[in-house]
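S.K.: Attaching a predicted model along with its sequence, questions to come.
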Number of protein chains: 2
Amino acid sequence: MALTRQAVLDEAIRTLDAYGFADLSMRKLAAALEVQPSALYWHFANKQSLLAAVATGWLGAMPAPSSGATWDEQVRVWAHGLRRAVTAHRDGAELVASVLAMRAEGVDPTRGLVAILHQAGLRAPDARAAAATVLHFVMGHAVDEQGHAQMQAFGVAPAGAAPDDPDHRFEYGLALLVDGIRARLA
Amino acid sequence: MALTRQAVLDEAIRTLDAYGFADLSMRKLAAALEVQPSALYWHFANKQSLLAAVATGWLGAMPAPSSGATWDEQVRVWAHGLRRAVTAHRDGAELVASVLAMRAEGVDPTRGLVAILHQAGLRAPDARAAAATVLHFVMGHAVDEQGHAQMQAFGVAPAGAAPDDPDHRFEYGLALLVDGIRARLA
DNA sequence: ACCTGAACACCGTTCAAGT
DNA sequence: ACCTGAACACCGTTCAAGT
């Protein structure tokens, strides 16, 4: 069976789930596919574009904004959708964050949110700034949450007190952002 | 002259400024110090603890909260202080973000901010959640800003329209967060 | 068109041995 | 105490050559 672009992507996600982002290498991936490392470079220009393709797949599965709801409900749905999309796989948030950091062509989950905020009444530049703020919050939270889960899984629990519930922290931060946006609409 | 812990740290920052975070390796650093790579492991347990020490140095230089001001002004000063601290050197935000992600012992810039927010009237768990929200915003923005500056420096300008001013985006996001916190105090 | 084989230029880290 | 030398177990990527 010929090696397919999609087969590489699927195996990359399996390798990610099995070994984590730090240990997701082209060589490990090639070994899992029973192929030489160099074979991967026929299907992808380099590792970054492979990771970008993985991230694009996840982000493309985000739910479209439901135009029937109020702007604040739409913002909440968008934020939860992004969080779900990037935390569905081990170290997914870290992978997506790394892809966003290198600004891969056309990988911008923010577009839908900008439209929502503009529709709500924010000027275009303000809508972009507010959307970036929400994006940074969701990604930062997701990376933090997954990294923390990873520590516990390896039994490296930090010495301090019991940490706060991630779900509660997420809801609190999101509510705070929504209130901040509301203040700028009035 | 004997190799000193501080000398290693200083040279690490110089190497960072010269080559960027991705190309900051223990071997390059050793070469710059005219020493074998293994010599560094006498002074630091591993690369992560060296990076943690660099980040700790930067974060330790953040201005202490000025207790004479209103809470919102203190939050603004804290956010600007963190942004300055992590963007002072090339890829500084990325380095600090990576250190925060691995939860190095005692590297938590959030302590001062939590105190400010608790003093302002937020319950302790809410103060921690709000502080984390501000932290994620500042770090996300700083990583984004420095990554973008890097692209331009290498002449890889993206095709789209002219990007918004980072300073404006930062001020807007910060004002939004402050308003959101205010809404939860009332 | 699609993949192998072999190489190039790197990594972080360990550890015996030297001084 | 502090560093060298040499090794171990890896990386991403390129490229001629095979089929």
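M.R.: Thanks, I have the structure now.
S.K.: Scan chain A for its longest helix.
M.R.: helix A:124-153 (DSSP state H).
S.K.: so does it get close to chain B?
M.R.: Yes: Helix A:124-153 reaches chain B (Cβ under 8 Å from any Cβ of the partner chain) through A:125-126, A:128-130, A:132-133, A:135-137, A:139-141, A:143-144, A:147-148, A:151. All C-beta spots, glycine's among them, are computed from the backbone N, C-alpha and C.
S.K.: List buried residues within the residues you listed.
M.R.: Neighbour counting over the residues of helix A:124-153 next to chain B (16 or more other Cβ atoms under 10 Å in any protein chain shown) leaves A:126, A:128-130, A:132-133, A:135-137, A:139-141, A:143-144, A:147-148 as the buried ones.
S.K.: and the two most separated of these?
M.R.: Greatest spatial distance among these (Cβ to Cβ): A:D126 and A:H148, at 32.8 Å.
S.K.: nearest spatial neighbour of A:L113, skipping sequence neighbours?
M.R.: A:A131 (4.3 Å; Cβ to Cβ, 6 or more residues apart in numbering or on different chains).
S.K.: same check, this time on A:M62
M.R.: Distances taken as Cβ to Cβ, 6+ apart place A:G81 nearest to A:M62, at 4.6 Å, with adjacent residues excluded.
S.K.: what do you get for A:F170?
M.R.: A:H141 (5.6 Å).
S.K.: in which helix or strand would I find the residue positioned nearest the centre of chain A?
M.R.: Residue closest to the average C-alpha location in chain A (Cα atoms, centre = their mean): A:V86, at 3.4 Å. Assigned by DSSP states H and E, A:V86 belongs to helix A:71-87.
S.K.: continuing past the helix or strand of chain A with the lowest mean pLDDT, what's the next helix or strand?
M.R.: Using mean pLDDT, DSSP states H and E, the weakest-scoring helix or strand in chain A turns out to be helix A:124-153, at a mean of 94. Per DSSP H and E, the first helix or strand lying C-terminal to helix A:124-153 is helix A:166-185.
S.K.: That next one vs helix B:124-153, what angle?
M.R.: Between helix A:166-185 and helix B:124-153, the angle comes out at 70 degrees (axes from the mean of the first three to the mean of the last three Cα atoms, to 10 degrees).
S.K.: ok, and what's touching helix A:166-185?
M.R.: When contacts are defined by Cβ atoms under 8 Å, 6 or more residues apart in numbering or on different chains, helix A:166-185 is touched by residues A:72, A:75-76, A:79, A:83, A:117, A:120-122, A:126, A:130, A:133-134, A:137, A:141, A:144-145, A:148, B:125-126, B:128-130, B:132-133, B:136, B:175-184.
S.K.: Can you tell me how far the residue nearest to A:L113 is from A:H148?
M.R.: Distance of A:A131 to A:H148, given as Cβ to Cβ, to the nearest Å: 26 Å.
S.K.: do the same with A:L174
M.R.: Distance from A:L174 to A:H148, by Cβ to Cβ: 18 Å.
S.K.: again with A:M139
M.R.: 15 Å.
S.K.: Repeat that for A:F44.
M.R.: 31 Å.
S.K.: Likewise for A:H43?
M.R.: Applying Cβ to Cβ to A:H43 and A:H148 gives a distance of 34 Å.
S.K.: ditto for A:A127
M.R.: In terms of Cβ to Cβ, A:A127 sits 32 Å off from A:H148.
S.K.: in whichever helix or strand A:L113 is part of, what counts as buried?
M.R.: Element membership for A:L113, per DSSP H and E: helix A:111-120. Buried residues in helix A:111-120, counted by 16+ other Cβ under 10 Å: A:112-118, A:120.
S.K.: what do you get for stretch A:1-17?
M.R.: A:3, A:8-9, A:11-13, A:15-16.
S.K.: now, which of these lie within helices?
M.R.: Short answer: the buried residues of stretch A:1-17 in helices (DSSP H) are A:8-9, A:11-13, A:15-16.
S.K.: Within reach of DNA strand D, which of those are there?
M.R.: With the criterion set as Cβ under 7 Å from any atom of the strand, no member of these is near DNA strand D.
S.K.: Which one of these is nearest to chain B?
M.R.: Chain B has its nearest neighbour among those in A:L16, at 16.5 Å by Cβ to the nearest Cβ.
S.K.: Can you name the residues of chain A that neighbour DNA strand C?
M.R.: A:2-3, A:35-39, A:42-43.
S.K.: among those, which two are most distant?
M.R.: Largest pairwise distance in the residues of chain A next to DNA strand C, by Cβ to Cβ, is 17.3 Å, between A:A2 and A:P37.
S.K.: Break chain A into its domains for me.
M.R.: If you go by automatic domain parsing, the domain ranges for chain A are A:1-44, A:63-185.
S.K.: any residue of the longest one up close to DNA strand D?
M.R.: Going back to what we said before, that points to domain A:63-185. No: using Cβ under 7 Å from any atom of the strand, domain A:63-185 stays clear of DNA strand D, with a minimum separation of 11.2 Å.
S.K.: Confirm for me that A:M62 is in contact with A:L82.
M.R.: Yes: using Cβ atoms under 8 Å, A:M62 is in contact with A:L82, at 6.3 Å.
S.K.: Done for today, thanks.
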